[in-house]
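>>> this is a predicted model, with the sequence first.
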Amino acid sequence: MPKAYIEFGTAVRSAPPLHDAVPRVTEALSISSSAAVSTNAAGKAQSRGFNVVRITVDADCWLAFGPTPNVDNANLRRVLLANSSMDVLLPEGHKVAVKALV
């Protein structure tokens, strides 16, 4: 089954290069026709830092972000194509949801 690999980390600035160290937490979500939501969330950013999340997928999918992300809401989702990555700055407590792009 296709996967979305999610890395929760921190950044010292909001422009590339974002990641200042290895991720604090990593997680793999299965990409299917049902939404999957990360169990982990962006943590408390260090002083003058940002929460950065890197999502890498091996199948085309929808992404959503937030305290309760909803990939079925067309106004709140983004597309990430297979074999690509996206870095996102997220507020504390926000999660990632994925769903197959069909």
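Arrived safely. Residues are numbered from 1 along each chain as shown.
>>> buried residues, stretch 13-22. List them.
L18 (16 or more other CB atoms under 10 Å). The way it works is simple: take the backbone N, C-alpha and C, and place the C-beta from them, glycine included.
>>> now find how far off-centre that stretch is within its chain.
Stretch 13-22 sits 15 Å away from the centroid of its parent chain (CA atoms, centre = their mean, to the nearest Å).
>>> where do the strands sit along this protein?
Along the chain, counting by DSSP state E, strands occupy 3-11, 25-30, 36-37, 50-57, 61-66, 77-80, 84-89, 95-100.
>>> and the last one, which strands flank it?
So the one you mean is strand 95-100. Sheet pairing of strand 95-100 (DSSP bridges) gives strand 36-37 (antiparallel), strand 61-66 (antiparallel).
>>> neighbouring contacts of the longest one?
For strand 61-66, contacts defined as CB atoms under 8 Å, 6 or more residues apart in numbering pick out 2, 4, 31, 53, 55, 70-71, 73, 76-80, 86, 88, 90, 94-101.
>>> I'd like to know which of these are buried.
Neighbour-count burial (16+ other CB under 10 Å) applied to those gives 4, 31, 53, 55, 70-71, 77, 80, 88, 90, 94-101.
>>> one step back: reformat the strands of the chain as a markdown table; add mean pLDDT and distance to L18.
Shown next, in a markdown table, are the strands of the chain (pLDDT from 0 to 100; distance: least, CB to CB, whole Å):
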| stretch | mean pLDDT | distance to L18 |
| --- | --- | --- |
| strand 3-11 | 91 | 4 |
| strand 25-30 | 94 | 16 |
| strand 36-37 | 96 | 23 |
| strand 50-57 | 91 | 5 |
| strand 61-66 | 96 | 15 |
| strand 77-80 | 96 | 16 |
| strand 84-89 | 94 | 5 |
| strand 95-100 | 96 | 16 |
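>>> all good on my end, thank you.
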